[in-house]
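Peer 1: Dropping the sequence and predicted coords here.
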Amino acid sequence: PSWCSALGGNMSQPSPVYSNVSIALHWTIALLVFGQIGLVMAHDVTHGSDMSRTLLNLHKSGGLLILALTLVRIGWRFKEPMIALPAEMPGWEKLLARGTQIGFYLVLIGLPLGGWAASSAAARDISFYGLFNWPLLPIGGGRDAARQFIEMHELGAKALYVLLFLHIAGALKHQFIDKDNILRRMLPFIRPR
């Protein structure tokens, strides 16, 4: 899609609700992201224990699953482009909404790649939910390189928190102040206004 349609969505899209595939991907990734935040908090509380290592392994697996699902979601976007934003929405708000969505894609790819790179640099195996060992990237550098990747990973997590705030605040504003049915696109059981 062109930049114009990326900002305004697909003008030919007749449906005000996304497909079941888009909705399932959105909410699965959202639940995994909040799960990741919970795992990090629990890991920090239990630091140094066997439980901490288990939580970290679950965090790594969750990150890689988010990476895979985000790539699927981007691929799905070619089949089902974004729905147009309301015509009456101010241009700055459209830009912020689409910028936030693009930011999510970047962070949901960058964060897992950073964690994967850190484990790879430190030559630490990644057990994907105990099913198999995820292949490591051909990255050397040992602990120093791993520490740099983790610092970037933590910076990405801060960007994620900002994006989450903007996304949730925007959705609530559209639902309760603008009353323009934007939230219904991902929660079709909400009654149209």
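Peer 2: Noted; the coordinates are in hand.

Peer 1: hey, let's count contacts and neighbours off CA atoms from now on
Peer 2: Noted.

Peer 1: all strands of this structure, in order?
Peer 2: Secondary structure of the chain (DSSP state E): strands at 126-128, 132-134.

Peer 1: Tell me which of the ones you listed is the most buried.
Peer 2: Comparing the strands of the chain by mean neighbour count (mean count of other Cα atoms under 10 Å), strand 126-128 comes out on top with a mean of 18.

Peer 1: how about the strands of the chain in JSON lines, adding mean pLDDT and distance to Ala24?
Peer 2: Converted to JSON lines, the strands of the chain look like this (pLDDT from 0 to 100; distance: least, Cα to Cα, whole Å):
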{"stretch": "strand 126-128", "mean pLDDT": "97", "distance to Ala24": "22"}
{"stretch": "strand 132-134", "mean pLDDT": "98", "distance to Ala24": "25"}
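
Peer 1: need these in JSON lines with distance to Gly63, can you?
Peer 2: Shown next, in JSON lines, are the strands of the chain (distance: least, Cα to Cα, whole Å):
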{"stretch": "strand 126-128", "distance to Gly63": "10"}
{"stretch": "strand 132-134", "distance to Gly63": "12"}
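
Peer 1: Val45 is nearest to which of these?
Peer 2: Closest to Val45 of the strands of the chain is strand 126-128 (Cα to Cα; 21.6 Å).

Peer 1: Pick out the residue nearest the middle of this structure.
Peer 2: Taking Cα atoms, centre = their mean as the criterion, Leu108 is the residue nearest the geometric centre of the chain, at 4.0 Å.

Peer 1: circling back to that earlier point, quick one, which of the strands of the chain is nearest to Arg185?
Peer 2: Among the strands of the chain, strand 126-128 comes nearest to Arg185, with 32.6 Å by Cα to Cα.

Peer 1: Name the surrounding residues that touch the closest one.
Peer 2: By Cα atoms under 8 Å, 6 or more residues apart in numbering, the residues outside strand 126-128 that reach it are 57-58, 60-61, 119, 133-136.

Peer 1: okay, and for this structure, where does confidence drop off?
Peer 2: 1-15 (pLDDT under 70).

Peer 1: make it 80
Peer 2: 1-16, 193 (pLDDT under 80).

Peer 1: What segments of this protein are helices?
Peer 2: 3-8, 20-45, 50-79, 91-121, 142-173 (DSSP state H).

Peer 1: Figure out which of the strands of the chain is closest to Glu151.
Peer 2: Nearest of the strands of the chain to Glu151, taken as Cα to Cα: strand 126-128 at 19.0 Å.

Peer 1: Please compute how far that closest one lies from its chain's middle.
Peer 2: Distance of strand 126-128 from its chain centroid, counting by Cα atoms, centre = their mean, to the nearest Å, is 20 Å.
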